[in-house]
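1. A structural model of the following input is requested.
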Amino acid sequence: MTYDFKNYKKDTLMRPRDEAWKNWAKFEKIGDMVQGFVADAFYKKGTADFAEARGITVRKESGELVNVQVKYLSFILASTDNLRVGDPITIEFTEVMQPSGKGKQGAKVYKYFGANLPENATNKTIKELTDEDKGKGGTVPAVEEDTVDTVDSVAKDMEKAF
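-> You can find the predicted model right below:
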């Protein structure tokens, strides 16, 4: 058997969604957007705190990977169903709807833009990737993110102790 261990990084086993798991898009004000190319898509299982969602991993022009959470409602999902890995996508926060009642917040409204590039015709669609992942039980973090000690936080705790 032969293998070039000097170039092991080209054979990563992590998917783009995994690399971007701690980098979720934040849409804070109208006009905020994420633009880039579809790198991955997945089904994010609902938890006690968060509803089920579609995740789309976008590779920005800078190369940075960012995950975008899309509400798991058929009329919203339909906007991105047919985009394929490698296709351009823009997700823009366009407005806040009137709240449905006193003391409630209005829903954020997003618009989706993209194109099917001919060179990606054989790549999987966002819908195919989402459905495959949902069929496998969905994607969830291995442990609760806020309970994970990072190398930096452990080092800071050790510094305090000494």
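2. Thr94 reaches Ile30, doesn't it?
-> Yes - counting by C-beta atoms under 8 Å, Ile30 is a contact partner of Thr94 at 6.5 Å. Every residue, glycine included, has its C-beta placed from N, CA and C.
3. in this protein, which strand has the most residues?
-> Using DSSP state E, we find that the single longest strand of the chain is strand 33-44.
4. Report the buried residues of that one.
-> Judged by neighbour count (16 or more other C-beta atoms under 10 Å), strand 33-44 contains these buried residues: 34, 36-44.
5. what's it packed up against?
-> helix 16-19, strand 53-59, strand 65-71, strand 88-96, helix 126-135 (3 or more C-beta pairs under 8 Å, 6 or more residues apart in numbering; DSSP states H and E).
6. which residues touch Glu95?
-> If a contact means C-beta atoms under 8 Å, 6 or more residues apart in numbering, then Glu95 has 30, 108-109 as its contacts.
7. Kindly state the beta-bridge partners for it.
-> For Glu95, the beta-bridge partners under DSSP bridges are Val109.
8. hmm, back to that, give me the buried entries from the contacts of Glu95.
-> If we count by 16+ other C-beta under 10 Å, the contacts of Glu95 have nothing buried.
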